[in-house]
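Enquirer: Prediction below, plus the sequence it came from.
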Amino acid sequence: MHFAPLISGWSNRFTICTNGPDDLTDAQRQEIRRHQVPMYDSPIRSIDSNDGIVQQVVLNDGTIIPCRGIFFKPELVTGSDLPRAMGCDITETGMVVVDEFGKTNVPGVYSAGDAASRLYQAIAAAAMGAFTAAAINNELNMEAWGRSG
Ligand SMILES: Cc1cc2nc3c(=O)[nH]c(=O)nc-3n(C[C@H](O)[C@H](O)[C@H](O)COP(=O)(O)OP(=O)(O)OC[C@H]3O[C@@H](n4cnc5c(N)ncnc54)[C@H](O)[C@@H]3O)c2cc1C
């Protein structure tokens with residue numbers, strides 16, 4: 001549902017296809033109607049393209065929706081069980097729990113990027129990685145400093 005306001009910032013002409021039964025609440029349906037966004041709940045039969053450019057979406061009930069682009073909601077899953085296997089706390093949505101410097105609950109284990117954030121953007125992952133790298137470097141230097149003194 002949060003896609004609708006997001007996409008309305010880019011275009012005032014878009015259609016929602018739920019691809020079959022959905023879990024929208026009555027209030028959310030009313031909200032979509034209020035914004036006059038067309039919505040179809042018939043399952044999608046095909047997405048037709050020409051030279052790699054989408055042309056139309058065809059629904060099982062025969063409806064044809066001409067379009068020039070498609071946004072879809074992917075189901076994102078964590079690519080590795082390593083953090084869980086190492087004993088890191090994981091949120092209900094599968095994210096590694098970290099502090100602002102990428103530190104997990106397991107001493108010496110850090111996490112950054114998509115594994116520990118829900119933003120899923122390269123620049124955000126890189127920024128988080130930079131913070132985390134600085135924190136790791138600091139921890140290693142402090143350890144070495146402590147050993148040598
Ligand atoms: C289809 C798609 C389109 C996207 N488009 C954009 C976009 O337009 N703009 C944007 O900013 N972001 C986009 N993103 C998101 C962006 O790709 C991610 O936010 C970013 O790559 C996250 O970087 P990361 O280093 O956290 O994770 P990843 O890039 O996923 O890197 C994790 C790496 O760890 C490796 N790995 C996993 N398990 C292990 C293991 N056990 N041992 C060793 N290595 C392991 C993986 O092979 C992978 O190479 C897109 C993502 C997808 C899937």
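Expert: Everything's here; your move. Numbers count the residues shown, from 1 in each chain.
Enquirer: When you work out contacts or count neighbours from here on, use the C-alpha atoms and nothing else.
Expert: Will do.
Enquirer: how about the residues of this protein near the ligand?
Expert: Near the ligand, the residues belonging to the chain are 79, 80, 82, 113, 114, 115, 120, 121, 122, 123, 125 when assessed by C-alpha under 6 Å from any ligand atom.
Enquirer: taking the residues you listed one by one, which sit in strands?
Expert: For those, membership in strands holds for none, with DSSP state E as the criterion.
Enquirer: now these: which count as buried?
Expert: By the neighbour-count criterion of 16 or more other C-alpha atoms under 10 Å, the residues of the chain next to the ligand include these buried positions: 113, 114, 115, 125.
Enquirer: Quick one: distance of the lengthiest helix in the chain to the chain centre.
Expert: With secondary structure taken from DSSP state H, the chain has its longest helix at helix 122-148. In terms of C-alpha atoms, centre = their mean, to the nearest Å, the centre of helix 122-148 is set 26 Å apart from its chain centre.
Enquirer: Check stretch 111-124 too.
Expert: Chain-centre distance of stretch 111-124: 9 Å, with C-alpha atoms, centre = their mean.
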